[in-house]
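# how does the following fold in three dimensions:
(chains A and B)
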Amino acid sequence: MKSGLSDEMLNAFVDQELSRPEMGEVLQALKDDPQVAAEVCSLRHTKLLVRHAYRLDGAPAVSRRTGWRAWAGRACAMLCFLVLGGLLGWSVEKASAPAPSIHFTLAAPAYAAAPRLVSLTNVKPQAHDILLHLDSGDPRKMAAALDYAQQILDQARRQGVQARIEIVANSYGLNLLRADRSPLIARIAALSRQNANLTFVACGQSLARFRNEGQTVRLIPQAKVTSSAVSEIARRLQEGWTYIQV
Amino acid sequence: MATSMHWPWLHDHQPETLRPRLLRLACAWCGDRHLAEDLTQEALTRALRTSSALRDPRALEGWLMAILNNVWRDHLRRSKGVEDIDDWAETLVSDGPGPEANIEDQQLVDEVRAQVAALPLGQRQVLTLVDLEERTYAEVAEILAIPVGTVMSRLSRARAALKEKLLARRAAAAAPALRRVK
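Reported below is the predicted structural model:
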């Protein structure tokens, strides 16, 4: 592995055994090296499988209807997000309220709770930079991602500041950026035309996974591809961006 | 009952979960339900005979797991006639049948348990203490009386082996499920 991190250290990351400086080192590696991100994902997955196989209550982890294959499939799809959850759990612990100099409020759709803002405190905040993370193929969430972006951009403009927004899509969230599947192509095109500072980023690992399954995936022209969503998010957090999960 | 005098925690502190948790550990270690019950019983009996000033429930649990480990090692010494357990903690694999499993998603559970059972004993113990009992590396080191470095290297090798065995196959098995979802 390029990072030179030992397997022991990555395991310790998954088990939340690392000190903060070590955690920072892994965070950096997650940002720089997609191989590290993939390895952490698999270790985390392995841990979940073991825990699942020895559940004490004997209760099924999934309903009879879906079965373990579906569970395994979902687990795969959620993996990177779970890893990210650990990452952000750590971040939130260290974070004070983000101090954006844009004051914005987000009107959450009726079905969803108000989104939570996350940023790191050990880095210089970039008050105008916001990352929206979409990992669901739910059309309502896809629309919400664009709604949030639009709300922030509008409010920032009224306050006379320029916000930078990046929408990062992985797993089934990738559908938003697929030329063959996205229900919102026209709206994305319009938003992009009006806002040069709005970017769309697709997770390279999700892309590769869908392609490995034999799907032909074409992305919309606005989408840039990054090595993985996790590393992109880790990188942006370290650059001082504020993270919002859609 | 004597337990309630000296061991109020057996009654007050998660009485329903402590014993099953020890049993689960024993099962994962020895791969035999009946033997696991004996080991658990023996560990609890030994614990009752010993006085301990531990108050912190987590420390008490760790202490009980250490006793279970001793009981298990004693059993191995007797049954295998082997003295140097540390030596073959690295190599011994279970020769018993896999733990019983009457859980819904049998196939996955069976596969994972079979792979855990196939790990060398030392790795199996570390893995189950970390993943099932959520013990810290330091606690595992104390329970098994081994250095933290050994805990980390065994865990790392255990996960690498499981990852190899479980995830490669799983990825292939999951592909149809991924296509179905949408």
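
# which single helix of chain B contains the most residues?
Secondary structure of chain B read by DSSP state H shows that its longest helix is helix B:57-80.

# does that helix pack against any helices or strands, and if so which?
Helix B:57-80 sits against helix B:15-30, helix B:33-49, helix B:85-88, helix B:137-144, with contacts defined as 3 or more CB pairs under 8 Å, 6 or more residues apart in numbering or on different chains; DSSP states H and E. Where you see a C-beta, it was placed from the backbone N, CA and C, and this is true even at glycine.

# how many residues are close by residue 19?
Here I'm looking at chain A. 9 (other CB atoms under 10 Å in any protein chain shown).

# wait, chain B was what I had in mind.
By other CB under 10 Å, neighbour count at B:R19 equals 16.

# returning to what we had before: now the longest helix of chain B: buried residues?
B:60-73, B:75-76 (16 or more other CB atoms under 10 Å in any protein chain shown).

# what's the nearest residue to B:V148 if we skip its chain neighbours?
Among residues not flanking B:V148 along the chain, B:A141 sits closest, at 4.5 Å (CB to CB, 6 or more residues apart in numbering or on different chains).

# after the worst-scoring helix or strand of chain A on mean pLDDT, which helix or strand is next?
Within chain A, no helix or strand scores below helix A:67-94, which has a mean of 44 by mean pLDDT, DSSP states H and E. Counting by DSSP states H and E, the next helix or strand C-terminal to helix A:67-94 is strand A:117-118.

# ok, that next one: who's next to it in the sheet?
Its sheet considered, strand A:117-118 pairs with strand A:242-245 (antiparallel) by DSSP bridges.

# a markdown table for the helices and strands packed on helix B:57-80, including mean pLDDT?
Shown next, in a markdown table, are the helices and strands packed on helix B:57-80 (pLDDT from 0 to 100):
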| stretch | mean pLDDT |
| --- | --- |
| helix B:15-30 | 82 |
| helix B:33-49 | 86 |
| helix B:85-88 | 50 |
| helix B:137-144 | 95 |
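
# looking at these, which is closest to A:L198?
A:L198 lies closest to helix B:137-144 among the helices and strands packed on helix B:57-80, at 44.4 Å (CB to CB).

# make sure A:L134 is actually in contact with A:K141.
Yes - A contact is recorded between A:L134 and A:K141 when judged using CB atoms under 8 Å, the distance being 6.2 Å.

# ok, is stretch B:33-52 in contact with chain A or not?
No - counting by CB under 8 Å from any CB of the partner chain, chain A is not contacted by stretch B:33-52; separation bottoms out at 12.4 Å.

# make that stretch B:149-160, sorry
Yes - applying CB under 8 Å from any CB, one finds stretch B:149-160 touching chain A at B:152-153, B:155-156, B:159-160.

# quick check: closest non-adjacent residue to A:E22.
Per CB to CB, 6+ apart, closest to A:E22 is A:M9, 6.8 Å.

# quick one: average pLDDT of the strand or helix carrying the one you found?
Secondary structure assignment for A:M9, by DSSP H and E: helix A:7-14. Helix A:7-14 shows a mean pLDDT of 92.

# please apply the same query to stretch A:169-187.
Averaged across stretch A:169-187, pLDDT comes to 92.

# quick one, what contacts B:Q41?
Residues near B:Q41 by CB atoms under 8 Å, 6 or more residues apart in numbering or on different chains: none.

# distance-wise, check it relative to A:A144.
As judged by CB to CB, to the nearest Å, B:Q41 and A:A144 stand 55 Å apart.

# list the buried residues for stretch A:170-181?
Within stretch A:170-181, the residues that count as buried by 16+ other CB under 10 Å are A:170-178, A:181.

# for stretch A:129-144, that is, sorry about that
By neighbour count with 16+ other CB under 10 Å, stretch A:129-144 contains the buried residues A:129-138, A:141-144.

# just these: which are in strands?
A:129-134 (DSSP state E).

# next, A:I220: phi, psi?
In terms of degrees, to the nearest 10, the main-chain angles of A:I220 are phi -70, psi 160.

# nope, A:A107 is what I meant
A:A107 adopts backbone torsions of phi -80, psi 110, taken as degrees, to the nearest 10.

# quick one: A:V225 and A:Q205 touch, right?
No - judged on CB under 8 Å, A:V225 makes no contact with A:Q205 at a distance of 10.1 Å.

# that older thread, elements contacting the helix holding A:M9?
Applying 3+ CB pairs under 8 Å, 6+ apart, one finds that helix A:7-14 contacts helix A:20-32, helix A:34-53, helix A:67-94, helix B:148-162.

# make it 10 Å
Packing contacts for helix A:7-14, counted by 3 or more CB pairs under 10 Å, 6 or more residues apart in numbering or on different chains; DSSP states H and E, involve helix A:20-32, helix A:34-53, helix A:67-94, helix B:121-131, helix B:137-144, helix B:148-162.

# these: which one's closest to B:L35?
Smallest distance to B:L35 across those (CB to CB): 13.7 Å, for helix B:121-131.

# could you dump the closest one to CSV, C-alpha only?
Output in CSV follows, covering the C-alpha atoms of helix B:121-131 (Å, rounded to 0.1, in the frame of the first residue of the first chain):
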residue,chain,number,x,y,z
LEU,B,121,-7.1,-20.7,18.4
GLY,B,122,-5.1,-17.6,19.4
GLN,B,123,-6.6,-15.6,16.5
ARG,B,124,-10.1,-16.9,17.2
GLN,B,125,-9.9,-15.8,20.8
VAL,B,126,-8.7,-12.3,20.0
LEU,B,127,-11.2,-11.8,17.3
THR,B,128,-14.2,-12.9,19.3
LEU,B,129,-13.2,-10.7,22.3
VAL,B,130,-12.8,-7.7,20.1
ASP,B,131,-15.7,-8.1,17.8
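
# now for it, which elements pack on it?
Against helix B:121-131 (3+ CB pairs under 10 Å, 6+ apart) you get helix A:7-14, helix A:34-53, helix B:15-30, helix B:57-80, helix B:85-88, helix B:106-117, helix B:137-144, helix B:148-162.
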